[in-house]
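Novice: Dropping the sequence and predicted coords here.
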Amino acid sequence: MSLKKYIRDIQGFPKEGILFKDITPLLIDPKGRTECLKTLVDSLKGKQIDKVIGVESRGFFFGMLLAQELNVGFIPVRKPNKLPFDTISASYDLEYGSDTLEIHTDAIQKGDRILIHDDVLATGGTAQAVCELVERLGGEIVQLNFLMEISFLKGREKIKEYEIFSAITY
């Protein structure tokens with residue numbers, strides 16, 4: 001099954017010149033959602049994972065499903081001032097601006113094996129910032145796992161030292 005059929009293109013969102021890949025049709029369709037989860041889980045065969053990170057906000061959807069499927073903890077990585085406990089942060093550039101992400105300081109213990117999940121790998125700035133957060137807390141990154149990769153933006157180059165899996169590549 002091709003997962004691409006569940007992704008809708010939205011021209012000019014969030015700003016002119018951007019072709020946004022909308023995952024809402026995938027989230028709505030139980031068959032597509034199941035196939036997508038299976039594809040993401042299959043990429044993890046033989047890997048030991050202690051916790052899954054889901055990156056705000058679209059990374060939460062399958063990040064939580066992956067954690068449930070793997071029977072491990074789930075860690076939300078969020079925009080500033082959204083997490084209630086002590087946090088550390090990392091800033092990054094993205095294809096249409098810059099932003100900051102935060103994680104709770106007690107979310108990862110030294111040596112925890114971490115799967116990072118997000119919806120899209122574009123310029124790689126978001127993924128690079130999350131990797132920085134994980135490593136600052138002593139975690140070991142097992143894999144970066146994405147629903148989609150926009151290959152012409154070359155985000156993979158920023159995180160090439162890690163294992164990367166994308167269910168869909170554009």
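Specialist: Done, it's in. Residues are numbered from 1 along each chain as shown.

Novice: chain center to the helix or strand of the chain with the lowest mean pLDDT: distance?
Specialist: Every helix and strand of the chain was ranked by mean pLDDT, DSSP states H and E. The lowest is strand 87-94, at a mean of 90. Here the centre of strand 87-94 is set off from its chain's centre by 14 Å, with Cα atoms, centre = their mean, to the nearest Å.

Novice: Likewise for stretch 161-170?
Specialist: Chain-centre distance of stretch 161-170: 10 Å, with Cα atoms, centre = their mean.

Novice: Tell me the helices and strands packed up against the host helix or strand of residue 144.
Specialist: Taking DSSP states H and E as the criterion, residue 144 maps to strand 140-149. Contact partners of strand 140-149 among helices and strands, from 3 or more Cβ pairs under 8 Å, 6 or more residues apart in numbering; DSSP states H and E: helix 30-42, strand 113-121, helix 125-136, strand 164-169. Bear in mind the C-beta positions are built from the backbone N, C-alpha and C, glycine included.

Novice: and the last one with helix 30-42, angle?
Specialist: Per axes from the mean of the first three to the mean of the last three Cα atoms, to 10 degrees, the angle that strand 164-169 makes with helix 30-42 is 150 degrees.

Novice: Need the mean per-residue confidence for strand 164-169.
Specialist: Averaged across strand 164-169, the pLDDT comes to 98.

Novice: Pull out the buried residues from it.
Specialist: 164, 165, 166, 167, 168 (16 or more other Cβ atoms under 10 Å).

Novice: closest to residue 23 among those residues?
Specialist: residue 168 (9.9 Å; Cβ to Cβ).

Novice: The nearest residue to that closest one once chain neighbours are set aside: neighbouring residues, count only.
Specialist: Among residues not flanking residue 168 along the chain, residue 148 sits closest, at 4.5 Å (Cβ to Cβ, 6 or more residues apart in numbering). The number of residues packed around residue 148, counting by other Cβ atoms under 10 Å, is 21.

Novice: for residue 113, same thing?
Specialist: Using other Cβ under 10 Å, residue 113 is surrounded by 16 other residues.

Novice: How about residue 93?
Specialist: For residue 93, the number of neighbouring residues by other Cβ under 10 Å comes to 15.

Novice: Tell me which residues touch residue 13, please.
Specialist: By Cβ atoms under 8 Å, 6 or more residues apart in numbering, the contact set of residue 13 is residue 20.

Novice: And residue 85, by the same measure?
Specialist: Residue 85 neighbours (Cβ under 8 Å, 6+ apart): 104, 105, 106.

Novice: Repeat the analysis, applying 6 Å as the threshold.
Specialist: residue 104 (Cβ atoms under 6 Å, 6 or more residues apart in numbering).
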